[in-house]
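K.L.:
Generate a structure from the sequence data that follows.
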Amino acid sequence: MPAVKMSWRPTYRSSKFRNVYGKASSREECYEGVPITRNVHDNHFCAINPKFLAVVTESSGGGSFLVIPIYKTGRVDPHHPKVCGHQGSVLDIKWNPFRDNIIASCSEDCTVRIWEIPDGGLRRNMTEALLVFAGHSRKVGLIEWHPTCSGILFSAGYDGKILLWNLEEGKVVRMFDSHSDVILCMSFNTDGSLLATSCKDKKLRIMDARSGRVLQEADCKRHRVGRVVFLGNMKRVLTTGVSQWNTRQVALWDQEDLSVPISEEEIDGLSGLLFPFYDADTHMLYLAGKANGNIRYYEVSPEKPYLQYLMEFSSPAPQKGLGVMPKRGMDVGECEVFRFYKLVTMKGLVEPISMIVPRRAEKFQDDIYPMTAGTEPALTAEEWLSGINRGPILISLKENYKRPNPAGPKYAKRERRVLAMKGLDLLENVSPKTDNEFLRMFYRQQDELKRLQKELSDKDERIRQLELELHNLKNVVH
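P.N.:
Numbers count the residues shown, from 1 in each chain. Take a look at the predicted model:
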């Protein structure tokens, strides 16, 4: 099948996502002062779920990452506790999709570690992991949790091997050695029976996720593949990479026939890696460029033109990496369908960016929020390893719906209230997080106290003057 061009030009057609727009969060909703890692490894260096934000940090003498409760926005304490058990730089972190307190990490020290974060976050540095897996001979660059099975984790190392770990037994149960070079990306299909990989040897592979047997393989010389992602249940795979003319490019493939791409499209001439994110609930694809601030988004269809360009979110600040909030963490009342967490290294900033459908949400919008994957696993590790496949257990987001406030957004944790007394403007329920913030609040209160004391003194003086005038009037009368 000859490759065809995908048109990026917008056309007028019926689509409920045609006017989706990106909205950067206000300063009160960002995370500031985060010492984001400067490692050049091509990864996102952050992971998000409805309870926690995790970010790989710059450190010396080993690798570490921060875990911050998702509601604790604002400036991060420079001495905030870290997860710091690795002996080398941390290269990837991923939250367990079924247990919000469990996170996996991999590192240049050739190990994979599993950590349990207490509710409310860390109170002190964490150095002891629940599990430590050592099976790679070189540094480990990628980890992926199985999408429907509890207790199964995949890791890919610079030794060209993929290891399948059974957390319930605490050991490796499979090793795949079909790659001849460094593995760049891994992606599962919906039920986790297939695994797609891109590799530095310029080959795209689709493998049986249990046995590691290569089912399809493409030699990508014209389209050097960087990242790969399954497109839900469409039996399609999308890759991003670089064309023979050194332009950034996307390609669409039939997962059952990788002999030639179904379609290809050149994006632009920039040099940064293109990260693809696919939302199977809305059939929307997001392409985010590393080292620039653009996020393009498309609507995917099984028929031509396959990718329909919608719009682009632009920002002057370049992104180091992007984390994605699971669907169960969306603000349903505001018609939010996707949320990125953008790492801005130069500013030490983590900035949430919401993708919103512009409509009035007087009730739950079930047409843009279909049933989505929940937190209950469909299989145990033993069942999956025995050969059983099941799709994810789906939940409704209707219970998350809250009617939006017509007066505007409210920030529950940092709500500003102006009290009746002039000049007194305090933040309710916000305690100082650092010594500097404590001192600023102390001096502010001292200044306010002095002002009130002066005002009271002036009023006392005025009362004495009035009393004297009243006394003089009485003497005149008598």
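
K.L.:
Find the residue at the geometric middle of this structure.
P.N.:
For the chain, Gly323 is the residue whose C-alpha lies nearest the centre (C-alpha atoms, centre = their mean; 2.0 Å).

K.L.:
Quick check: phi and psi on Arg462?
P.N.:
The phi and psi torsions at Arg462 (degrees, to the nearest 10) take the values phi -60, psi -40.

K.L.:
and it, how many neighbours?
P.N.:
10 (other C-beta atoms under 10 Å). In short, each C-beta sits where N, CA and C put it, glycine included.

K.L.:
and Lys221, helix, strand or coil?
P.N.:
coil (DSSP: H, G, I helix; E, B strand; the rest coil).

K.L.:
That one reaches Lys203, doesn't it?
P.N.:
No. Using C-beta atoms under 8 Å, Lys221 is not in contact with Lys203; the gap is 9.6 Å.

K.L.:
higher neighbour count, these two?
P.N.:
The neighbour comparison of Lys221 against Lys203 (other C-beta under 10 Å) goes to Lys203, with 20 against 9.

K.L.:
Provide a list of residues in contact with the more buried one.
P.N.:
For Lys203, the contacting residues are 217-220, 225, by C-beta atoms under 8 Å, 6 or more residues apart in numbering.

K.L.:
Which of the residues you listed has the largest number of neighbours?
P.N.:
Val225 (25 neighbours).

K.L.:
Spit out the contact partners of it.
P.N.:
Taking C-beta under 8 Å, 6+ apart, we find Val225 in contact with 184, 198, 202-204, 239-241, 251.

K.L.:
switch to 6 Å and redo it
P.N.:
If you count contacts by C-beta atoms under 6 Å, 6 or more residues apart in numbering, Val225 has them with 198, 204, 239, 241.

K.L.:
is it fair to say Trp165 lies in a helix?
P.N.:
No. Counting by three-state DSSP, Trp165 is not part of a helix but strand.

K.L.:
ok, and the closest non-adjacent residue to it?
P.N.:
Leaving out its chain neighbours, the residue that sits closest to Trp165 by C-beta to C-beta, 6 or more residues apart in numbering is Leu153, at 4.6 Å.

K.L.:
Quickly list what Tyr286 is bridged to.
P.N.:
Beta bridges link Tyr286 to Phe277, Tyr297 when assigned by DSSP bridges.

K.L.:
meant to ask about Val83
P.N.:
Here Val83, judged by DSSP bridges, has bridge partners Phe65, Met126.

K.L.:
Likewise for Lys203?
P.N.:
Under the criterion used (DSSP bridges), Lys203 bridges to Asp219.

K.L.:
and if you look at Val229?
P.N.:
For Val229, the beta-bridge partners are Leu238 (DSSP bridges).

K.L.:
what's the spacing between it and Tyr286?
P.N.:
Counting by C-beta to C-beta, to the nearest Å, the gap from Val229 to Tyr286 is 10 Å.

K.L.:
Repeat that for Ser107.
P.N.:
Separation of Ser107 from Tyr286 (C-beta to C-beta) stands at 28 Å.

K.L.:
Which two among the contacts of Val225 are spaced furthest apart?
P.N.:
Between any two of the contacts of Val225, the greatest separation by C-beta to C-beta is 9.3 Å, found for Leu204 and Gly241.

K.L.:
mind checking the SS state of Met346?
P.N.:
Classified using three-state DSSP, Met346 is helix.

K.L.:
re earlier: secondary structure element for the residue nearest to the centre of the chain?
P.N.:
Per DSSP states H and E: Gly323 is located in strand 321-324.

K.L.:
Do a quick rundown of the strands in the stretch 51-200 of the chain.
P.N.:
52-56, 63-69, 74-75, 82-86, 90-95, 102-107, 111-116, 131-134, 140-145, 152-157, 162-166, 171-176, 183-188, 194-199 (DSSP state E, counting those that start in this stretch).

K.L.:
ok, how many other residues are close to the closest residue to Glu383 other than its chain neighbours?
P.N.:
Using C-beta to C-beta, 6+ apart and skipping the chain neighbours, the partner closest in space to Glu383 is Cys149 (7.5 Å). For Cys149, the neighbour count with other C-beta under 10 Å is 27.

K.L.:
ok, now how distant is Cys149 from Asn166?
P.N.:
In terms of C-beta to C-beta, Cys149 sits 10 Å off from Asn166.

K.L.:
Identify the residues contacting Phe188.
P.N.:
147, 195.

K.L.:
make it 8 Å
P.N.:
By C-beta under 8 Å, 6+ apart, the contact set of Phe188 is 144, 146-147, 194-196, 209, 230.
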